[in-house]
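S.K.: using only what follows, build the 3D model:
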Amino acid sequence: MTRTFLLFALVSGLSLRADDLDRTFQVGLHRVGPTFEGHFNGVQDSKPLVVDLQTDFGLQKDASKIGGSLEYQGPRFGVEFSGQEQDYRGHNFIQKDVQLNGSTFHAGATVDSTVRLKDYTFNWTIRALKWPQFWIGVDLGARVWDLEMTASAYEPLTTAYVPPVTEKVPLPIPQIGLSTGFDAFGKRIVAKGFYHILSYKGASYHHAGADVRYFPVRWLGIQVFTDTESFDVPKGSIKDDLEVRLDRQGTGFGLVLRF
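M.R.: Take a look at the predicted model:
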């Protein structure tokens, strides 16, 4: 009898706390080190840009800085702001000419490169269909990639040194798609999945991911998330003289304060 009463009290307490958590603000710190692949082929700002991040630069993950997020989650909609940064480095003997911001690194040169990628996300989720512990929503927003590539080269045949050259490529990407989520055990476990897709003038963008959070106490949680995204811009689409293909995927971890 006593055990039954204690169990009932515990379940009732979780239920009450879950009602209190219908509207929350969440502040998070996280770290993620995604892979980054792709190429550019064409002209950027009237200067040639021809480079493959793996074949030419031999790019590898170097450092991932701590990212942050701020969210409001309510019964009918949610709003998310987040940002993060990753650095990549490469050292490679190139097999073909590489062009960056008007400079040419000739085949046979040894190239040292650094790529810094900052990405920012704004996302507004409208929970169109809602059940007690499950919902389906529509996502609207934007994702911005701030990409900076720097490379220098030594050409052994001519003993020439090409000093560091930097190319910046901003990539604003609208976010449109679907998401779904659920919670369990009095919202101690909260999970979300999403898929965003965009197609315009032959260019396409795909972004899919999942996020799971466990709150051992009401105000502090542990976050695990994963996502993958691809950006494909053929020549003649949204940029007449530049082809872009980029792929990025990774898994991250973080801490979340909920209040």
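S.K.: now do the SS call for Pro75.
M.R.: The three-state assignment at Pro75 reads coil, by DSSP: H, G, I helix; E, B strand; the rest coil.
S.K.: that one contacts Thr24, correct?
M.R.: No. Using CB atoms under 8 Å as the test, Pro75 is too far from Thr24 to be in contact (10.7 Å). Where C-beta positions appear, they are placed from N, C-alpha and C, glycine not excepted.
S.K.: more crowded one of the two?
M.R.: The residue with more neighbours, out of Pro75 and Thr24, is Thr24; 18 against 10, by other CB atoms under 10 Å.
S.K.: contacting residues around that one?
M.R.: By CB atoms under 8 Å, 6 or more residues apart in numbering, Thr24 lies in contact with Tyr72, Gln73, Arg258, Phe259.
S.K.: and for the second one, nearest residue in space, chain neighbours not counted?
M.R.: Sequence neighbours aside, Thr24 is the residue nearest to Gln73 in space, at 5.3 Å (criterion: CB to CB, 6 or more residues apart in numbering).
S.K.: ok, that neighbour to Thr158 distance?
M.R.: Using CB to CB, to the nearest Å, Thr24 is found at 62 Å from Thr158.
S.K.: same check, this time on Ile66
M.R.: 43 Å.
S.K.: same question for Phe93.
M.R.: 15 Å.
S.K.: same thing with Pro164?
M.R.: Remark: distance between Pro164 and Thr158 (CB to CB) = 18 Å.
S.K.: go on, Val217?
M.R.: With distances taken as CB to CB, Val217 is found 64 Å from Thr158.
S.K.: higher neighbour count, Pro164 and Thr158?
M.R.: Neighbours per residue, other CB under 10 Å: of Pro164 and Thr158, the larger number sits with Pro164, 13 against 10.
S.K.: how about the more buried one, phi and psi?
M.R.: Phi and psi for Pro164, reported as degrees, to the nearest 10, are phi -50, psi 130.
S.K.: is it true that it touches Glu148?
M.R.: No. Here Pro164 does not reach Glu148: they are 11.6 Å apart, not a contact under CB under 8 Å.
S.K.: who does whichever strand or helix holds Leu171 touch, helix- and strand-wise?
M.R.: Element membership for Leu171, per DSSP states H and E: strand 160-184. Helices and strands touching strand 160-184, as assessed by 3 or more CB pairs under 8 Å, 6 or more residues apart in numbering; DSSP states H and E, comprise strand 35-44, strand 103-105, strand 110-131, strand 134-155, strand 189-200, strand 203-217, strand 242-258.
S.K.: hmm, who's touching the shortest one?
M.R.: Contacts with strand 103-105, where a contact means CB under 8 Å, 6+ apart, come from Pro48, Ile94, Asp97, Val98, Gln99, Val111, Ala151, Ala153, Glu155, Val162, Val165.
S.K.: for Ser82, give me its contacts.
M.R.: Neighbouring residues of Ser82 by CB under 8 Å, 6+ apart: Gly28, Gly67, Gly68, Ser69, Leu70, Tyr120, Thr121.
S.K.: can you name the two of those residues that sit furthest apart?
M.R.: Using CB to CB, the two most remote members of those are Gly28 and Tyr120, lying 14.6 Å apart.
S.K.: neighbour count: the two, which is higher?
M.R.: Using other CB under 10 Å as the criterion, Gly28 and Tyr120 rank with Gly28 on top: 20 against 16.
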